[in-house]
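In: Here is a sequence together with a model predicted from it:
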Amino acid sequence: MTVQDIRSFNRFYTNVIGALDYGRRLYTPYTLTESRVLYELAHAPRTDAADLRAQLHLDAGYLTRILNKFEEDGLVERGPSDTDPRRRRITLTAPGREAAALLDERARETVGSMLDTVRAEDRPRLAEAMRTVRTILGEGEGEGEGEGEGEGEGRAPRPEDVVLREPAPGDLGWIVQRNAALYAAEYGFDAGYEALVARIVADYGEDHDPHLERTWIAELDGRPVGCVMCVRDDTPGAARLRLLLVEPDARGLGIGDRLVGALVDFARETGYREVVLWTNDILGAARRIYRRHGFVLVAEKPHHSFGQDLTGQDWRLGLDATQE
C-alpha cells in the first residue's frame, strides 16, 4: 500500500459523504461541528465543557461560541459540574433533545437510503471491510472521527465508548428479547418473565408521554448493550424505574450507573417528587447501583414468580431539593 492508495480512497469516501448531503439538508440549520456537539450532549447527559473539548478536539474559544449560541436558542443549560466546581456542566433542554433527535433521525434515514442501494449479499462484506479499516487504523489511536463516538475496535472498550441514546426502531423488541434470554440464563426465569416484559414494553410503545416518560439505550460499537425505562407510576408525583439491564460482555464499564443516573436526572428535571422501583433480592449488582444513587429499601415480600421462589423488594428515592 502507498500514500497514493490512501489518498485515492479518501477522495472516493469524501464523494460518498457528499452524496449523503452532509453539508446541506442533513445538518440544517446547524453546521457539522454544531451537530457533533449536539450529538455528544444527547449521548452523554452529564458532559462538562472540558470533556466536550477533549472528545471533539475543539478550540476552547470555538466551543464557547457554539455553547453561547445554543444557550441563547434555549437548547442547553450550563451549571456547576458534579465532580469539579471549576468546570461547567452542559445539559440539553427539552428543545435541545428534540433538535438532537431530529438530526439523529435524518442521519439514520440518509444512511439507510444509501444502504438500500447495496445488495443484501454484499452487506456482510461491506460491514467486514469497514471493521477491518477501523481495527487496523484504530490500533493505538484510541479516538475515532465519525460523529464523536470514538470507538476503535482494536482495543478493549472503555466507559467513554458507550453512548446513551433514544430507542431506534427494533430496540423495544431487543429489550424484550434480551431480558427474557438473560434472566433465563442467569436466574432460571421461565416464559412468565418474558410475558411481563413484553406487556411493559408494549404499554410504553403504544401510549407514553415523551415529556414525562423516557427509555435509554446504551450503545457500544454500534450495538445495544443496556437499557432502562422511566415511566409514570400510579402514585401521583412518582416515576417508576423499570427493566434495567446490561449485557454480560459490557459489564464493568459503569453502564448501569450511567443509565440510572440519566433516569434520576430526567425525573428530577421533569418535576417528579420521587422514583420508585420493584426488584428481587437475587439481583445483587442492580441493588448496589440503586444504593449508590440514594435509593432506600422500603419493603420486601416473598413470592413465587417466573418459576422461582423469590423475595420482591420495593425501593424509593426522594427527589426533594436537598438531594440535588
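Out: Here it is on my side, so go on.
In: Can you mark which positions in the lengthiest helix in the chain are buried?
Out: Assignment by DSSP state H gives helix 94-115 as the longest helix of the chain. Neighbour-count burial for helix 94-115 flags 96, 97, 99, 100, 101, 103, 104, 106, 107, 110 (criterion: 16 or more other C-beta atoms under 10 Å). Where you see a C-beta, it was placed from the backbone N, CA and C, and this is true even at glycine.
In: same deal with stretch 182-199?
Out: Buried residues in stretch 182-199, counting neighbours by 16+ other C-beta under 10 Å, are found at 183, 184, 189, 193, 194, 196, 197, 198.
In: circling back: quick check: next helix or strand after the longest helix of the chain?
Out: helix 123-138 (DSSP states H and E).
In: now the angle from that following helix to helix 94-115?
Out: Inter-element angle recorded for helix 123-138 and helix 94-115: 120 degrees (by axes from the mean of the first three to the mean of the last three C-alpha atoms, to 10 degrees).
In: With only the CA atoms kept, save helix 123-138 in PDB.
Out: Extracted in PDB, the C-alpha atoms of helix 123-138 (Å, rounded to 0.1, in the frame of the first residue of the first chain):
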ATOM      1  CA  ARG A 123     -23.700  -6.200   3.000                       C
ATOM      2  CA  PRO A 124     -21.700  -8.700   5.200                       C
ATOM      3  CA  ARG A 125     -18.600  -8.000   3.000                       C
ATOM      4  CA  LEU A 126     -19.100  -4.200   3.400                       C
ATOM      5  CA  ALA A 127     -19.500  -4.500   7.200                       C
ATOM      6  CA  GLU A 128     -16.400  -6.700   7.500                       C
ATOM      7  CA  ALA A 129     -14.400  -4.300   5.300                       C
ATOM      8  CA  MET A 130     -15.400  -1.300   7.500                       C
ATOM      9  CA  ARG A 131     -14.500  -3.200  10.600                       C
ATOM     10  CA  THR A 132     -11.100  -4.100   9.100                       C
ATOM     11  CA  VAL A 133     -10.300  -0.400   8.300                       C
ATOM     12  CA  ARG A 134     -11.400   0.700  11.800                       C
ATOM     13  CA  THR A 135      -9.400  -2.100  13.600                       C
ATOM     14  CA  ILE A 136      -6.200  -1.600  11.700                       C
ATOM     15  CA  LEU A 137      -6.200   2.200  11.600                       C
ATOM     16  CA  GLY A 138      -7.600   2.500  15.100                       C
END
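In: what's the average pLDDT for it?
Out: What helix 123-138 shows for mean pLDDT is 77.
In: outside of the helix or strand in which residue 16 is found, which residues touch it?
Out: Here residue 16, judged by DSSP H and E, is contained in helix 3-19. Outside of helix 3-19, the residues within contact range by C-beta atoms under 8 Å, 6 or more residues apart in numbering are residue 114.
In: so where's the stretch 1-150 of the chain uncertain?
Out: Filtered on pLDDT under 70, the stretch 1-150 of the chain yields the residue ranges 17-28, 44-46, 81-86, 135, 138-150.
In: quick one: secondary structure of residue 257?
Out: Three-state call for residue 257 (DSSP: H, G, I helix; E, B strand; the rest coil): helix.
In: so who does it touch?
Out: Applying C-beta under 8 Å, 6+ apart, the residues near residue 257 are 289, 292, 293.
In: Could you count how many residues lie near the second one?
Out: For residue 292, the count of nearby residues is 12 (other C-beta atoms under 10 Å).
In: what's the spacing between it and residue 59?
Out: 36 Å (C-beta to C-beta, to the nearest Å).
In: could you pull out the strands for the stretch 101-250 of the chain?
Out: Per DSSP state E, counting those that start in this stretch, the stretch 101-250 of the chain carries strands over the ranges 163-165, 214-220, 223-232, 238-246.
In: nearest to residue 49, of the ones you listed?
Out: Distance to residue 49, taken as C-beta to C-beta, is lowest for strand 163-165 among these, at 18.4 Å.
In: Mind giving me the packing neighbours of the closest one?
Out: helix 32-43, strand 214-220, helix 255-270 (3 or more C-beta pairs under 8 Å, 6 or more residues apart in numbering; DSSP states H and E).
In: Select, out of these, the one closest to residue 77.
Out: helix 255-270 (9.3 Å).
In: Quick one: list the elements packing against the helix or strand just after that closest one.
Out: Per DSSP H and E, the first helix or strand lying C-terminal to helix 255-270 is strand 274-280. With contacts defined as 3+ C-beta pairs under 8 Å, 6+ apart, the packing partners of strand 274-280 are strand 238-246, helix 255-270, helix 284-292, strand 308-318.
In: Name every strand pairing with strand 274-280 and say which way it goes.
Out: With DSSP bridges as the test, strand 274-280 is paired with strand 238-246 (parallel), strand 308-318 (antiparallel).
In: quick one: contacts of the last one?
Out: Translated: strand 308-318. For strand 308-318, the external contacting residues (C-beta under 8 Å, 6+ apart) are 187-189, 264, 273-282, 287, 290, 293-305, 323.
In: which of the residues you listed count as buried?
Out: By neighbour count, with 16+ other C-beta under 10 Å, the contacts of strand 308-318 hold 189, 264, 274, 275, 276, 277, 279, 280, 287, 290, 293, 295 as buried.
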